[in-house]
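>>> sequence below, structure please.
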Amino acid sequence: MTWIILLILLALFFDYLNGFHDAANSVATVVSTRVLSPKAAVAWAAFFNFVAFLVFHTGVAKTIGSGIVDISIVDANLVFGALCGACAWNILTWWWGLPSSSSHALIGGLIGAGLVKAGTEGLVASGIIKTVLFIFVSPLLGFILSLVIGILVFNLFRKTNPFKVDHIFRIGQLFSAAAYSLGHGGNDAQKTMGIISMLLLGGLAGQEAAPIRDFLLSHEELHLVAQGEFIVPLSVVLMCHSAIALGTLSGGWRIVKTMGQKITRLRPVDGFCAESGSAISLFIASSLGVPVSTTHTITGAIVGVGSLRRLSSVRWGVAKRIVWAWFITIPAAGIISAAAYCLKVALFD
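Modelled structure (predicted):
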């Protein structure tokens, strides 16, 4: 039972890291345009990260919990390996200042540990394909939506005094940043919910986790579990939203500079368009139960609104470096996860 508790704490640490790592996504635009100070921005983002559970259902958590690896093969070692891979890659990319995807680090971790434990038969192809597909869809959707919103906004305000436009969108950015942070919390916190729920309900981990499951789940939730349903307990939902909000509150300033200044220089109107486009993308993905990368989405949106002014205003070399980080995240986290799984089994089992 102690080992299960430690794994839940490790999962919550990953969730904290997710907020810490992705805080830049939530606050980079609003900080770089100087609408909010860094401290005020992270507090604003953290609040909306937490209250997101009131808006979104748990479809993303169910995809992570039962749609990447077969839940019947899940045990404590598999979850340990997956979390080690995800946390290690998050820390490395944070140190390097690369806005990689916490979501795909976790998915890579699950795939790596799942492959070592059960081979390809232990993986759920449909869930993996859907997730990998959105590596391309989410930044493209963010790019298109921010571009469309930018065209509409720039045409609507083209005859308005620039100082008035700046004032309007300084206020507007408060709402767009709130919407983005709501979408961020609604999609990203659910990934850890899925991991913890997988640990509590998984086929091979279930007996060991029974005392904790009985403590965390209500009578109604236990009844649903007994009927064979994969659920996400309310206690787990609240723990995960609290962890990601605390992570966001702690910041992640190495990546803020890359997201807010190195890709393209942003004005309040640009920040509003980028945040609005990426928020809509996240809302769509969460409603479909797809675990997407908030990093991919906001990067695509920033590039979209930056290229609206002129293509040369986007620093394509920086954008290219970020894209490379996206593609290596799943295999890199998977390799670390597989190694952690093998080490745990060799040394302790």
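>>> switch to C-alpha atoms for all contacts and neighbour counts from now on
Fine.
>>> how far away from the center of its chain is stretch 66-73?
20 Å (C-alpha atoms, centre = their mean, to the nearest Å).
>>> hmm, who's touching that stretch?
Stretch 66-73 is contacted by residues 65, 107, 110-111, 114, 118, 122-128, 194, 198, 202-204, 230 when judged by C-alpha atoms under 8 Å, 6 or more residues apart in numbering.
>>> 6 Å instead, please
The contact list for stretch 66-73, computed with C-alpha atoms under 6 Å, 6 or more residues apart in numbering, reads 122-124, 127-128, 202-203.
>>> out of the residues you listed, which are buried?
122-124, 127-128, 202 (16 or more other C-alpha atoms under 10 Å).
>>> tabulate those residues (JSON lines), appending distance to Ala243.
Converted to JSON lines, the buried ones among the contacts of stretch 66-73 look like this (distance: C-alpha to C-alpha, whole Å):
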{"residue": "Gly122", "distance to Ala243": "29"}
{"residue": "Leu123", "distance to Ala243": "28"}
{"residue": "Val124", "distance to Ala243": "28"}
{"residue": "Gly127", "distance to Ala243": "26"}
{"residue": "Ile128", "distance to Ala243": "26"}
{"residue": "Gly202", "distance to Ala243": "23"}
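>>> and the contacts of stretch 66-73, which two are furthest apart?
Ile128 and Gly203 (20.1 Å; C-alpha to C-alpha).
>>> what about the most centrally placed residue in the chain, which SS state?
The residue lying closest to the centre of the chain (C-alpha atoms, centre = their mean) is Asp188, at 3.5 Å. Three-state assignment for Asp188 (DSSP: H, G, I helix; E, B strand; the rest coil): helix.
>>> where's the residue nearest to Ile4 when sequence neighbours are not counted, which helix or strand?
Residue nearest to Ile4 in three dimensions, not counting chain neighbours: Ala209, with 6.3 Å by C-alpha to C-alpha, 6 or more residues apart in numbering. Counting by DSSP states H and E, the element that carries Ala209 is helix 206-216.
>>> just to revisit the earlier point, which non-adjacent residue is nearest the residue nearest to the centre of the chain?
Nearest one to Asp188, counting by C-alpha to C-alpha, 6+ apart, is Ser103 at 6.9 Å.
>>> how near is the one you found to Glu208?
Here Ser103 is placed at a distance of 27 Å from Glu208 (C-alpha to C-alpha, to the nearest Å).
>>> who's in contact with stretch 3-11?
Under C-alpha under 6 Å, 6+ apart, the answer for stretch 3-11 is an empty list.
>>> try it again at 10 Å.
Contacts with stretch 3-11, where a contact means C-alpha atoms under 10 Å, 6 or more residues apart in numbering, come from 1-2, 12-17, 75-77, 79-80, 82-84, 86-87, 191-197, 199-200, 205, 208-212, 236, 240, 243.
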